[in-house]
Every structure is written in C-alpha cells, then in structure tokens.
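1. Got a sequence here, can you model it:
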Amino acid sequence: MRLVSRLTVPLLAFAIAGIPASARAQSTEAYRAAADRLIDAATKDSAAWLRIAELTDTFGSRISGSAALERAIDWTLARMRSDGLESVRGEPVMVPHWVRGAESAELVTPRPKPIAMLGLGGSVATPAAGITAPVIVVSSFDDLAARGAAVKGKIVVFDVPFTDYDATRVYRSNGATAAAKQGAVAMLLRSVASFSINSPHTGSLRYDSTVTRIPAAAIAVEDAMLLHRMQDRGVTPTVQLRMSARTLPDAPSRNVVAEIRGREKPDEVVVFGGHIDSWDVGQGAMDDAGGVVAAWEAVRLMKSLGLRPRRTVRVVGWTNEENGTRGGQAYLAAHAADVGKHVFALESDNGVFRPYGVQVVGTDSALAMLRRIAPLLRRIGADSVSRGEGEADIGPLLAAGVPGAGLHTDGTRYFWYHHTDADTPDKLDPRDVARCVATMAVYAYVLAEMPETLPRTPVAAKP
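-> As a prediction, the model looks like this:
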C-alpha cells in the first residue's frame, strides 16, 4: 500500500464525506452476512475461554527467558498447525532474562509482621543478609524532594493512591532512581492497583545509569497505608527487605505467527494479536493469553467458515511485552521491507472482558472508515470507535505509519488483577471472551476484504 501524503489525507476525508449516507451504509452492508457468521460462530460456545484456560493452566506464568514461555510457544505453534492455519512459525527474538529469586519483607518495629511484596522487574538484589532500615513514607516525588537529608540511609515507601495507570505507574518506573538520588537504601511502592486484598502487583522499573541502583519492590496497598499511619502518629517503622533477584544474559525466544493467506493480495496484511509472555506471577490469563487466543480463534473461525479475505490476516503472539517490548521491535525489523503493505494493526492487551469496540490511532479519515464497519458489531454492543493511544507491541508499526487500534474493553476490574498472582482464567467470563473474538474477527476480516484500505498515518520526519 502506498504512503498517503499530508495533502492526500484531507482530500480522502473530503471524498469519503461526499459519499451519500445510503451508499456508505450499503458498502458496510456488503459484509453483514460474513460478520454475522463470524459473530455466531464465536459466540456459540466457550471454545476461546477453554483454550485460554488450557494454555495458562498448563504452562502458568511465562516471563521472558523462562522455560515455561518457550514450552507455551511450542504448544501454541503445534496447536495452530493442527487448526490448519497457514505459514505457522516462530520468528526469533532475543529477550531480557530477569529472575526474581527468593524474596521477603517484614516489619521489624514497632511489631513483627510479614509484608506482602513482589520485587519489581529488573530490580537488583539486596545483600545476602538483607537490608534492615527505618522507613520514610512519602506521597509524591515533590514530597520526597522536600524531605532532603532525612531520606539518607532509609527505605523510601511511596504511598501513592491509584488514579489512572499512566499517572501512577511513573512511581513504579522511576521511584527507585528518585529515592537513590537522595541517599535511600531501598524503595518500596504501594502497588499500582485500583483494588487490593493484600495483593501486591509487580511490574517493570527503570534505573538511571548515573545513579546507584537500589533494590525495589511493590507492597500491598494495605501495608503501605499501615506504614503511613504509623509515621503519621510519630512512629518510625523499621523494615527488613531481602531480595535475591538477578539479571542473566539475554535469551532466545520467538514471536508466534500464523496466517490465513489473502486470495487476491496476499502481500497486503492485517495483523492482530496480543503478547504471549506474562509476568512471573499468576498465570497471565487476562494479561495477555486472552489477547493472543482471541485473535488466534478469530483466524481459526475464518478458516473453518471458508472466509478467505482478499488480503492476508496474520495473528501474532508477541514475546517480551512485559519487560522489554522486544517482540514488537523485532517484528518491525523482520518485516521492514513490507511494512508499507501492512494495512492495519490491532492488539488486545486490556483483558478480554466485555468489549465496547476499538480505540484508534490514525487519521480522521481512518477513524471515519472504521466507524463504517462498527455497526456490524452493534448486536453484541461492540460498536464504539474512539481515539486511543495504541498498544505496546504494535507501537513500532504505528510509529511507521500503519493505522491501528487497541481492543476497547470494560476496564473496571483490570487493575484488580494486573501483574498479580490473581491473574487466572476464572477472572474471565467465557461470554465476554467470545464477544472479544467476534469483535476482532469482524474488524480483521472486513479490513482484509474491503477493496479500499485505510489511509496511513503521516510519519514525522527524523531530525
């Protein structure tokens, strides 16, 4: 597909706007029968949920570099082949390999109490004997800076209530470095969670190479609040932290890839999927085996229904989304020669809960064209089309000008389970999973079948 110039985009938008509403409706209706067949097939049973459960129950957590991840990839590739999917393969990716090891945290004074904790991904270890130090609880980066010399030699606890993910996770990402700059010996973080039952949430951190690396862990919301209340009463709690985390050399992994080849334009591609890796806790069912399986099931249904679209539909299980996004980067590198032939990219990485529709990254014209498809999904309540920011694995494709979207789902409970031991398949409703399959299937099929393609996003020139 050719690149659309900045001049072409508004002209195309004008051209689409000039099409009578009846003609636009008629063009959408041309796909109604196929869309209904896909929706009916997706929602008739719990096949997708059962596959999520089998994958996650069999292999459990699948952090990059682990044997569990590679066994899960082998299993997925074998099942895709048995489903009759085409061009099934693993595309090589080198991934980070961080190992948690044994870890614990304990309140020592004013009374002994275990603290529920999970080391943050990429954290360094404590000394073998651990770190025992007084705690200083802060509510923000500004609060930390205001404490000045009082931070030196202490364990900083960030007690920052959850607002939204982007605003709150900055403390997970940058808290250890901020604390180390002021002389802290370790950092503990109130988990990035909208709800807690003494359940810590892990996730990645970033170190600044110019600052001493200190151990960092997330603790349960309840324990962060406890430490804060103690400090507010004039008590200085003491905590002992033990962590044996280590980072090993990069390890080989793979992106999972399978297709249904286009009947007329097989070199043009609609790509969609989720990430096959997870954190090393829970089973990674919600985040994000569900996204991989939903796209996989969508392609399987196209195949079984005999719906071979004009273009190729490619499902990808990207590897290493959680602690490196190497899979998305490697996919772009492997397909650099044909990235101009990628006509759309769709990712599900917000849990396969009740789907509302898609959140789009692209031009106004692309948004308008997707809104022509959306009514095909009205019967399952998944016909919303709005602007979004994209998802991590398709980020490199979006930056290269490929129009794309993230599956928009009900996020009410997502951050209850995100990056915790509670991310297990029982948190997913088989009916919602089936609706997610239907939503992804309809968008992938129609965008691969319709004669026209979405206009590409103008790419900013490199300085």
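2. going forward, measure contacts and count neighbours with C-alpha atoms only.
-> OK.
3. Tell me which residue is most central in this protein.
-> residue 349 (3.9 Å; C-alpha atoms, centre = their mean).
4. low-scoring stretches of the chain, by residue?
-> 1-26, 461-463 (pLDDT under 70).
5. Could you give the backbone dihedrals for residue 242?
-> phi -130, psi 130 (degrees, to the nearest 10).
6. and what of the one 10 residues further on?
-> For residue 252, the backbone dihedrals are phi -80, psi 140 (criterion: degrees, to the nearest 10).
7. mind listing the strands in the stretch 251-400 of the chain by residue range?
-> Secondary structure of the stretch 251-400 of the chain (DSSP state E, counting those that start in this stretch): strands at 265-275, 311-318, 342-347, 355-361, 384-387.
8. wait, which of those strands is closest to residue 28?
-> Of all the strands of the stretch 251-400 of the chain, strand 384-387 sits nearest to residue 28, with 15.1 Å by C-alpha to C-alpha.
9. which parts of that closest one are buried?
-> Within strand 384-387, the residues scored as buried using 16 or more other C-alpha atoms under 10 Å are 384-385.
10. Identify the spatial nearest neighbour of residue 296, chain neighbours not counted.
-> residue 315 (6.1 Å; C-alpha to C-alpha, 6 or more residues apart in numbering).
11. what's around the residue lying closest to residue 325 once chain neighbours are set aside, how many residues?
-> The shortest distance from residue 325 to any non-neighbouring residue, by C-alpha to C-alpha, 6+ apart, is to residue 393 (6.4 Å). Burial measure for residue 393: 32 neighbouring residues, criterion other C-alpha atoms under 10 Å.
12. again with the one 10 residues further on
-> Applying the criterion other C-alpha under 10 Å, we find 27 residues in the vicinity of residue 403.
13. ok, now which ones touch it?
-> 343-345, 360-363, 366, 454-457 (C-alpha atoms under 8 Å, 6 or more residues apart in numbering).
14. now, among those residues, which is nearest to residue 397?
-> Using C-alpha to C-alpha, residue 345 comes nearest to residue 397 of those, at 7.5 Å.
15. Could you measure from the residue lying closest to residue 107 once chain neighbours are set aside over to residue 294?
-> In space, and not counting its chain neighbours, residue 107 is closest to residue 239: 4.5 Å by C-alpha to C-alpha, 6+ apart. Distance of residue 239 to residue 294, computed by C-alpha to C-alpha, to the nearest Å: 44 Å.
16. again with residue 398
-> Taking C-alpha to C-alpha, one finds residue 398 at 21 Å from residue 294.
17. Neighbour count for the two, which is higher?
-> Legend: neighbour count by other C-alpha under 10 Å for residue 398 and residue 294, higher for residue 294 (31 against 23).
18. circling back to that earlier point, nearest to residue 258, of the strands of the stretch 251-400 of the chain?
-> Comparing the strands of the stretch 251-400 of the chain by C-alpha to C-alpha, strand 311-318 comes nearest, at 5.4 Å.
19. mind checking the SS state of residue 114?
-> Here residue 114 is recorded as strand under DSSP: H, G, I helix; E, B strand; the rest coil.
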